[in-house]
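Student: for reference, the sequence and a predicted model appear below.
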Amino acid sequence: QVQLVESGGGLVQAGDSLRLSCAASGRTFSNYAMGWFRQVPQKERDFVAAISRSGGSPNYADSVKGRFTISRDNAKNTVYLQMNSLKPDDTAVYYCNAYFSARNYWGQGTQVTVSS
């Protein structure tokens with residue numbers, strides 16, 4: 001199975017940018033479709049963005065389209081989430097996801113807090 005470790009979260013002001021990283025280990029990274037999800041307390045985990053195994057076909061939640069960009073570097077076993085024009089509503093714990101053969105794997109999450 002694959003192990004995922006997120007980093008890059010923090011406290012920023014509205015309008016700022018952050019880049020999250022997710023480092024994968026344990027299996028062939030390029031076998032996995034990758035994604036980012038986020039969760040706030042007492043709510044379900046929501047889809048943010050996803051990218052195919054080759055790095056093509058990115059797709060995004062409507063709430064982040066035009067502001068967030070997902071990318072991956074298969075040589076570095078890492079997926080990124082560039083977040084621009086951050087809003088207070090983007091405050092959440094962000095989780096990295098790997099999907100392969102009907103199985104989902106998750107990182108431990110990284111907190112992103114956007115102050116107004």
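Tutor: Happy to help now that I have it. Numbering: from 1, shown residues only.
Student: pull out the buried residues from stretch 106-116.
Tutor: 107, 109, 110, 112, 114 (16 or more other Cβ atoms under 10 Å). In this view, the C-beta of every residue, glycine as well, is placed from N, C-alpha and C.
Student: surely the third one and residue 8 touch.
Tutor: Yes - distance between residue 110 and residue 8: 6.3 Å, which falls inside the contact criterion (Cβ atoms under 8 Å).
Student: would you list the phi and psi of the residue most central in space within the chain?
Tutor: Residue closest to the average C-alpha location in the chain (Cα atoms, centre = their mean): residue 36, at 2.9 Å. Phi and psi for residue 36, reported as degrees, to the nearest 10, are phi -120, psi 140.
Student: now do the contacts for it.
Tutor: The contact partners of residue 36, by Cβ atoms under 8 Å, 6 or more residues apart in numbering, come to 20, 22, 48, 49, 50, 70, 79, 81, 94, 95, 96, 97.
Student: show me what it is bridged to.
Tutor: residue 49, residue 96 (DSSP bridges).
Student: ok, it to residue 113 distance?
Tutor: Computed as Cβ to Cβ, to the nearest Å, the residue 36 to residue 113 distance reads 16 Å.
Student: spell out the secondary structure type for the residue nearest to residue 90 when sequence neighbours are not counted.
Tutor: Excluding its sequence neighbours, the residue lying closest to residue 90 (Cβ to Cβ, 6 or more residues apart in numbering) is residue 114, at 5.2 Å. State at residue 114, reduced to three classes by DSSP: H, G, I helix; E, B strand; the rest coil: strand.
Student: among the contacts of residue 36, which one has the most neighbours?
Tutor: residue 79 (30 neighbours; other Cβ atoms under 10 Å).
Student: wouldn't it be in contact with residue 50 here?
Tutor: No - applying Cβ under 8 Å, one finds residue 79 not in contact with residue 50, separated by 9.7 Å.
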